[in-house]
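In: Have a look at this fold, sequence not included:
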C-alpha cells in the first residue's frame, strides 16, 4: 500500500497570519512607539517637507488630532442630546486620518467614507458641514470641487471605484508623472476593513492596476465592521492582498501619526509620479462604537479596548513632545482652549443649521428638471398651501 | 443622404459626439479593437485612441463606478453594457450613485453618463441576452431612460443623450441593429430627446410602443388597415420622463389605447402609461387601456421566444378586444 503525499502549496496560514497579527505583525511600519519613543525604519522616515520645521509639524499634528477628537466627542454628545440622528465615531483613528490627510497636496483629491472627519479637517471643511448629513438637513453640504474632498459615501466601498475613475481622469488630463510638483496629482480612496470584502473594492483594485491609475487605497483596518471582527473579512493580513492585484501593499501603525504621514506621503508620490496604485493598511482600532446606535459590549471584550487604550494616538505624541521639551503647558492649554471654542462652534452651529424646505426635494433630482417633477412640485405646493394658516 | 442601419446610425452618432466634444469617452467590454460584440463602436478606438475608447476589465460595477469618477473629473462617459442581463452587477452603482449624486450634492456634481444597453429578444440567444429591464430604471428617480426604434433616431438620440447633463439609460433594440435601413439626413434638425412621436396616424385605436415593438406595431397597423381598421402608432422614445402630450392627444381622439412592450407586463411601462391615460383621458375612453407584453416569467429558451414575445397577431388580438369592449 503506497502512502499518499500532499503537494507542498507553500506557507500555511499560520505562517502569514500567526499570533503576531494581534500586534500588527512583523511588517508594521512604526516611527513613534506607544510610549512616545521615536524609532527608525529602514524604508520610511518622517520628513515634514522642504522648509517645514519638524517639531512645529509634530505640534501641528497633535493639535489636529486633539481638535479632530473634539469634533467627534461633541458630535457624539449632540447625538445624545437629540440634535443629530446618528453619528459615526472615529475615536482612536485620529492618527490614521491626520497622518494621511496632512500628506495630501492641494491638487490631490479625496474620496471619503462617512467617518473621515479628521481628513475633512485637513481639507479645511468646516466640521459643521459634516453634521448636516447626520442631522438630516442635507446629504452632504459641501462642494467637492472647493476642497478636493468628495461627499461622504454611505454604501460601503462604492467610492473606491469613483476614486479610481477620477484618477483615470487625471491621467487623461496630463497631471500624472510630469515631474512638476505643483501639477502632478493623485487620489486617495478611504475605506475600512469591512469594505475590503466588497466587490466594488476588488473591482477598483483591478481597474487601478490595469490602468496604473494614480490612486492610494487607504484602508483603516479598525478591526471591526460593526460587530464582525477582521477575521471574518480576511484570513491574511489585508495589505498582503495587494500583491495578488499587482501593486504594493504596506501595513502602517495607524495610531502613529508620523508613520502614517510618511507612508501615505510616499504612496502619494509614487502615484503622482505615474507608478500606479498602492494599498496602505493603517492598522488601528475603533475605540468607540460603529455609530451612536451600536453597542460594542455585545460582541467584544473590554480587555481589548484596554489594550488599545495603551496605544492611543494622541497620548504618544503628547508623551514625545513633553519628554523632549518640545511643548510646554502653554502649548497644551492653548490647544485645549481651541478645542473648547471648536466645541462651542459645533453646539451653536448645529442647532442653527437651516431646515430644508419640503419643496426643495424636487429641484435637485436632475440638472434639467422634468415636466413631471415640476408638476409634482406645483401640486405639492398647492396642497401645502391649502392648509389653514399655511405659509406661501 | 445615405441609407444606414441602426448599428451604423449609432456608430456615426457616437463618432460625431466624440468629434464635437473631447470630453466624451466610450468605455466597456470589447468596445476597442473588436468594436463591441454588435460592432456599434467599430473603428472608434482606431480613430480616437485607447484613452478615449476604453476596453475595460470584465466588471460592470467597475465600469459604472469608474464612470462616476470620470464624470466628476469633467468627462462624459458613454458606457456600453454588453447585454441587458449583464447590467445587474452595475445596478447598485447606477441606482445608488449615478442616479443620486446630483441630488446628494444639491446640484453641485453633475453625472453626464450614458449607459448604452442592447435590449430585447428575438435573436436566438442564451439566457440573460434577451431581457428588457427598462422599468427598473424608469422607476429610479435621477435617471432618464430613452429607447430608439430606428436608424435615424439612433443617430440623433445618442448624440442628444451624450449632450444631456443628466444620466441617461439608453436602450437599443438589438434585434434591429442590422435589420432595416433608413435614409439619414445629417443636416436635419432632430426632435428634442425627451419627446414622443406619432409615427402613423389613425383614428380607431392608439398603439403605444418603443424600441423593438415600434416595428411590430407598424406592421400591425398596416395589416389592420387591410381590414378597414385605422390604428395610430406612437413611438414613446422617452420612458422617463414620459412625454404624455402626444399620447393624451391621440387617446382623446381614438378613445382606445393598447400598450405594447417586450418587458414583463406586471409593473411594466404599460402599467404606468395606463394609469396616466386613465387620469388624463377618463372621459374620452371607450375601453380600458390594454397591455400586450412579455409574460410574467423569466425570458424563455430561444426555441419558444417567438411565441413568448408580443407579435403582430397578439397586438391585433388586443386591438380586437379593445374595439369589442
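Out: Yes, it's here. Please read all numbers here as calculations on a predicted model, not as lab measurements.
In: wait, what's in contact with residue 163?
Out: Since no chain was named, I'll use chain A. Taking C-beta atoms under 8 Å, 6 or more residues apart in numbering or on different chains, we find residue A:163 in contact with A:109, A:111, A:150, A:187-189, A:204, A:215, B:69. The way it works is simple: take the backbone N, C-alpha and C, and place the C-beta from them, glycine included.
In: I was thinking of chain B, sorry if that wasn't clear
Out: Contact analysis of residue B:163 by C-beta under 8 Å, 6+ apart lists B:17, B:21.
In: ok, now with 10 Å
Out: Taking C-beta atoms under 10 Å, 6 or more residues apart in numbering or on different chains as the criterion, residue B:163 is in contact with B:17, B:20-21, B:24, B:76, B:112, B:114, B:193.
In: And for residue B:162?
Out: So residue B:162 contacts B:13-14, B:16-18, B:20-21, B:23-24, B:26, B:76-78, B:112-114, B:168, B:170 (C-beta under 10 Å, 6+ apart).
In: Can you list which of the residues you listed are found in strands?
Out: B:24, B:26, B:76-78, B:114, B:168, B:170 (DSSP state E).
In: Output those of the residues you listed also counted as contacts of chain A.
Out: Filtering these for proximity to chain A (criterion: C-beta under 10 Å from any C-beta of the partner chain) leaves residue B:77.
In: If you count contacts, what does the longest strand along chain B end up packed against?
Out: Secondary structure of chain B per DSSP E: the longest strand is strand B:257-264. Here strand B:257-264 touches helix B:134-138, strand B:205-209, helix B:213-226, strand B:231-235, helix B:244-254, helix B:269-280, strand B:290-294, helix B:312-324, going by 3 or more C-beta pairs under 10 Å, 6 or more residues apart in numbering or on different chains; DSSP states H and E.
In: try it again with 7 Å
Out: strand B:205-209, helix B:213-226, helix B:269-280, strand B:290-294, helix B:312-324 (3 or more C-beta pairs under 7 Å, 6 or more residues apart in numbering or on different chains; DSSP states H and E).
In: tell me which residues of the last one are tucked away?
Out: Same thing as helix B:312-324. Across helix B:312-324, burial judged by 16 or more other C-beta atoms under 10 Å in any protein chain shown covers B:312, B:314-319, B:322.
In: what does the second one give?
Out: In terms of neighbour count (16+ other C-beta under 10 Å), helix B:213-226 has its buried residues at B:213-218, B:220-221, B:223-224.
In: Got the domain ranges for chain B?
Out: B:2-184, B:197-324 (automatic domain parsing).
In: Tell me which residue lies nearest the centroid of the chain.
Out: Assuming you mean chain A. Geometric centre of chain A, nearest residue: residue A:116, 4.0 Å, by C-alpha atoms, centre = their mean.
In: Get me the contact residues on the stretch 251-392 of chain A for chain B.
Out: A:364-368, A:370-372 (C-beta under 7 Å from any C-beta of the partner chain).
In: Which residues are in contact with the closest residue to chain A within the stretch 201-325 of chain B?
Out: Closest to chain A within the stretch 201-325 of chain B is residue B:241: 3.8 Å, counting by C-beta to the nearest C-beta. Contacts for residue B:241 (C-beta atoms under 7 Å, 6 or more residues apart in numbering or on different chains) come out as A:370-372, B:144, B:194.
In: ditto for residue B:11
Out: B:40-42.
In: Not including adjacent chain positions, what is the nearest residue to residue B:237?
Out: In this structure, residue B:237 finds its nearest non-sequential neighbour in residue B:196, 5.5 Å apart by C-beta to C-beta, 6 or more residues apart in numbering or on different chains.
In: Sorry, slip of the keys, the one I care about is residue B:113.
Out: That would be residue B:167: by C-beta to C-beta, 6+ apart, it lies 4.7 Å from residue B:113.
In: pLDDT at the one you found, what is it?
Out: pLDDT for residue B:167: 98.
In: Tell me if I'm right that it and residue B:111 touch.
Out: Yes. When contacts are counted by C-beta atoms under 7 Å, residue B:167 is listed as touching residue B:111 (4.7 Å).
In: Tell me the spacing between the residue lying closest to the residue of the stretch 201-325 of chain B closest to chain A once chain neighbours are set aside and residue B:75.
Out: Nearest residue to residue B:241, sequence neighbours excluded (C-beta to C-beta, 6+ apart): residue A:370, at 3.8 Å. Between residue A:370 and residue B:75 the distance is 24 Å, computed by C-beta to C-beta, to the nearest Å.
In: Domain boundaries for chain A, per the record?
Out: A:20-352, A:357-392.
In: Sort out which one of the contacts of residue B:163 lies nearest residue B:55 for me.
Out: residue B:24 (16.5 Å; C-beta to C-beta).
In: what's around that closest one, how many residues?
Out: Using other C-beta atoms under 10 Å in any protein chain shown, residue B:24 is surrounded by 22 other residues.
In: wouldn't it be in contact with residue B:18 here?
Out: Yes. In this structure, residue B:24 is within contact of residue B:18 by C-beta under 7 Å, at 4.9 Å.
In: related to what we said a few turns ago, nearest to residue A:127, out of the helices and strands packed on strand B:257-264?
Out: helix B:269-280 (43.9 Å).
In: which one of residue A:370 and residue B:75 has more residues nearby?
Out: Using other C-beta under 10 Å, the more surrounded residue of residue A:370 and residue B:75 is residue B:75, with 25 against 20.
In: Nearest residue to residue 40 in space, please, no chain neighbours.
Out: Picked chain A for this. Spatial nearest neighbour of residue A:40, chain neighbours left out: residue A:31 (7.9 Å); criterion: C-beta to C-beta, 6+ apart.
In: try again with chain B
Out: residue B:10 (5.0 Å).
In: And the host helix or strand of that neighbour, what's buried?
Out: Taking DSSP states H and E as the criterion, residue B:10 maps to helix B:6-20. Buried residues in helix B:6-20, counted by 16+ other C-beta under 10 Å: B:6-18.
In: Give the residue spans of the chain that score low on pLDDT.
Out: Just going to use chain A. In the predicted model of chain A, residues A:1-3, A:11-26, A:391-392 satisfy pLDDT under 70.
In: let's do chain B instead
Out: Short version for chain B, where the test is pLDDT under 70: B:1.
In: Just give me the residue closest to the centre of it.
Out: residue B:147 (1.8 Å).
In: wait, isn't residue B:235 in contact with residue B:150?
Out: No. Between residue B:235 and residue B:150 there is no contact under C-beta under 7 Å: 8.1 Å.
In: Of the buried residues of helix B:213-226, which are in range of chain A?
Out: Of the buried residues of helix B:213-226, not one also sits near chain A (C-beta under 7 Å from any C-beta).
In: What is the burial count for residue B:185?
Out: 10.
In: what's the spacing between it and chain A?
Out: The gap separating residue B:185 from chain A is 27 Å, by C-beta to the nearest C-beta, to the nearest Å.
In: Touching, residue A:199 and residue B:60? I think so.
Out: No. Residue A:199 sits out of contact with residue B:60 when judged by C-beta under 7 Å, with a separation of 10.2 Å.
In: re the thing from before, could you dump the buried residues of helix B:312-324 to TSV with distance to residue A:383?
Out: Formatted as TSV, these follow (distance: C-beta to C-beta, whole Å):
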residue	distance to residue A:383
B:312	45
B:314	41
B:315	40
B:316	43
B:317	42
B:318	37
B:319	39
B:322	35
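In: Just flag the most distant two among those residues.
Out: For the buried residues of helix B:312-324, the maximum inter-member distance is 15.5 Å, found between B:312 and B:322 (C-beta to C-beta).
In: Let's have the contacts of residue B:241 in TSV, adding secondary structure and distance to residue A:126.
Out: Below are these laid out as TSV (DSSP: H, G, I helix; E, B strand; the rest coil; distance: C-beta to C-beta, whole Å):
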residue	secondary structure	distance to residue A:126
A:370	coil	34
A:371	helix	37
A:372	helix	36
B:144	strand	34
B:194	coil	39
